[in-house]
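1. structure for this input, please:
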Amino acid sequence: MTDEEARAHLALNGRLRVGINMANRLLVSGRDAGGDPAGVSPDVGRAIAQRLGVLVSFVEYPSPGALADGAQENAWDIGNIGADPDRATTICFTAPYAEIEATALVRDRSPLTQAHEIDQAGLTLAAKDRSAYGLWLKRNIRVATLVLVDPDQDPLDVFQARQLDVLTGLRSALLRDCQKVAGSRVLDGTFMTVSQAVGTPLARAAALPWLEAVVADLKATGAVARFIARHGVEGLSVPSS
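-> The predicted structure is shown next:
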């Protein structure tokens, strides 16, 4: 597919609307001088718009679940979001441009040492509902009790108020939470890795091969690595092609 053909699929009004999850501080680190979102995810959106030769506009969402809902509302042309099978019913995804470790926080008295050990009978796990790692836990937890926290709430508050056993989340966020919970620690390893990808609604699936090629080029040329370095982000890695 040529750039012109992709433009006809993705930028119908001469502008690329990019859905952005504002809750992920690894991917959105703040705002630029013009008030637009700043960070790795917006940089990826701008790079894709540049390839198309169109302007970019950002459609901001308070959570990944809300962003995913926008696929059915024709609210955005591409959405930068964690790829997940549950979301693939309405969104088609490129290969990931970045990966984020999901792990767990426990109190020091817990016998757990590794994140993959959290699915045990008698344990209660807190996870943000509709997050990529929360969707994974819903599909994969078998014997532990999973407490899904509303996206508008902070899972740390629920973990503390209900004295749950395990707080799940992205490693970078849990390391910050660990400073707020006396006598806590973050487990080694991961229970899954969130694959941050570029998605487009299924109705525009014809443009996916073009998006795949652009994302692969942004990784291969080091552009994504430069975006990460520019914003001083720790906890993001660029997956191999």
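2. and Leu175, how far from Leu112?
-> Leu175 sits at a distance of 17 Å from Leu112 (criterion: C-beta to C-beta, to the nearest Å). (C-beta placed from N, C-alpha, C; glycine too.)
3. for Glu99, grab phi and psi.
-> Per-residue torsions, Glu99: phi -130, psi 150 (degrees, to the nearest 10).
4. how many residues are close by it?
-> 18 (other C-beta atoms under 10 Å).
5. surely it meets Gln196?
-> Yes. Glu99 is within contact range of Gln196, at 6.9 Å (criterion: C-beta atoms under 8 Å).
6. domains in the protein, as residue ranges please.
-> Per the record, the chain has its domains at 3-98+196-237, 99-192, by automatic domain parsing.
7. can you put those in JSON lines and add mean pLDDT?
-> Shown next, in JSON lines, are the domains of the chain (pLDDT from 0 to 100):
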{"stretch": "domain 3-98+196-237", "mean pLDDT": "97"}
{"stretch": "domain 99-192", "mean pLDDT": "97"}
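8. center of this protein, which residue is that?
-> By C-alpha atoms, centre = their mean, the chain has its centre lying nearest to Gly82, at 4.0 Å.
9. surely Asp152 is in contact with Pro62?
-> Yes. If you go by C-beta under 8 Å, Asp152 and Pro62 touch, sitting 7.5 Å apart.
10. identify the residues contacting stretch 54-66?
-> 7, 11, 14-24, 36-37, 42, 45-46, 49, 67, 70, 75-76, 81-82, 128-132, 151-152 (C-beta atoms under 8 Å, 6 or more residues apart in numbering).
11. just to revisit the earlier point, with adjacent residues omitted, what lies nearest to the residue nearest to the centre of the chain?
-> Spatially, and ignoring its direct neighbours in sequence, Gly82 is nearest to Ala132 (3.1 Å; C-beta to C-beta, 6 or more residues apart in numbering).
12. what about that neighbour, neighbour count?
-> 27.
13. what residues does it make contact with?
-> Here Ala132 is in contact with 64, 81-84, 102, 194-195 (C-beta under 8 Å, 6+ apart).
14. mind running it again at 10 Å?
-> Ala132 is in contact with 21, 24, 64-65, 68, 81-84, 86-87, 100, 102, 170, 192-196, counting by C-beta atoms under 10 Å, 6 or more residues apart in numbering.
15. select only the buried ones of the residues you listed in ChimeraX?
-> Only the buried entries of the contacts of Ala132 go into this ChimeraX selection, using 16 or more other C-beta atoms under 10 Å:
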select :21,24,64,65,68,81,82,83,84,87,100,102,170,192,193,194,195,196
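16. relative to its centroid, which residue of the chain is most remote?
-> Max radial position in the chain (C-alpha atoms, centre = their mean) goes to Arg109, at 30.7 Å.
17. mind telling me what element the residue lying closest to Val233 once chain neighbours are set aside is part of?
-> Nearest residue to Val233 in three dimensions, chain neighbours excluded: Leu26, at 5.6 Å (C-beta to C-beta, 6+ apart). Assessed by DSSP states H and E, Leu26 sits outside every helix and strand.
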